[in-house]
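Peer 1: Please work out how this folds:
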Amino acid sequence: TDRDNRIPVSGEAVIDARLNTMIENAAGVRLSTIEHLMAAFSALGISNAVVEVDGPELPILDGSALQFVQLLDQAGFRRQPTPVRYIEILEPIHVTEGDKHAALYPCDRFEMRFEIDFASAVIGNQVVDFVVDEETFRADIMAARTFGFAHDVEALRKAGLARGGSLENAVGIDGDEILNPG
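Peer 2: Residues are numbered from 1 along each chain as shown. As a prediction, the model looks like this:
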């Protein structure tokens, strides 16, 4: 095709963030499910890379960032002299949409706190708070797998998402039961 298929990753490129992150360029070329690769890039300090993908969605692999980190470690990378630009949060920012809430606060380091609260007893209310750095990412975060609810599968498939999704690459939950063996 003659369309420009390059999609520079930025907040402005995000066009959908329902159950995955989808980006799009000015020519209408889209790529879904970039969150695990972007997490690996961020944690490893990679801010300049070219990723070639054959299809509308990044492979889910095992449903975590682990294999992306392993592949990046195998390929290797080099530090570049160009300074990286960061956003500095100078005052608290709050966004609420329905029952979802996000906030940014000034801090002298990159620290995150997440809380989820699901009616399912196998998830319930969970909170995690950590400093985001490569060591913490490798030790505690990169192997965390995607979970999904059985009742969402049909809607995901109709939306053209989770095409390769299975119990091999996601933790499946049906009500209060984990569907994965073991």
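Peer 1: and Glu115, helix, strand or coil?
Peer 2: Three-state call for Glu115 (DSSP: H, G, I helix; E, B strand; the rest coil): strand.
Peer 1: and it, how many neighbours does it have?
Peer 2: Glu115: 10 surrounding residues under other CB atoms under 10 Å. Any C-beta I mention is one placed from the backbone N, CA and C, and that applies to glycine too.
Peer 1: What does the pLDDT read for the residue nearest to Gly148 when sequence neighbours are not counted?
Peer 2: Counting by CB to CB, 6 or more residues apart in numbering, the nearest residue to Gly148 once its immediate chain neighbours are dropped is Ala170, at 5.1 Å. Looking at Ala170, its pLDDT reads 84.
Peer 1: Which stretches in the protein count as helices?
Peer 2: 35-44, 66-75, 134-136, 153-158 (DSSP state H).
Peer 1: just to revisit the earlier point, do you know how far the residue nearest to Gly148 is from Arg145?
Peer 2: 6 Å (CB to CB, to the nearest Å).
Peer 1: what touches both of the two?
Peer 2: Gly63 (CB atoms under 8 Å, 6 or more residues apart in numbering).
Peer 1: what about the closest residue to His94 other than its chain neighbours, neighbour count?
Peer 2: Nearest non-adjacent residue to His94, counting by CB to CB, 6+ apart: Ala103, 4.8 Å away. Ala103: 11 surrounding residues under other CB under 10 Å.
Peer 1: before we move on, what about Gly55?
Peer 2: With other CB under 10 Å as criterion, Gly55 counts 10.
Peer 1: ok, it to Asp62 distance?
Peer 2: Distance from Gly55 to Asp62, counting by CB to CB: 18 Å.
Peer 1: Apart from its neighbours in sequence, what residue is nearest Asp129?
Peer 2: Arg113 (4.2 Å).
Peer 1: Run through the residues that contact that neighbour.
Peer 2: Counting by CB under 8 Å, 6+ apart, Arg113 has contacts Val127, Val128, Asp129.
Peer 1: what about 10 Å?
Peer 2: Ala103, Tyr105, Val127, Val128, Asp129, Phe130 (CB atoms under 10 Å, 6 or more residues apart in numbering).
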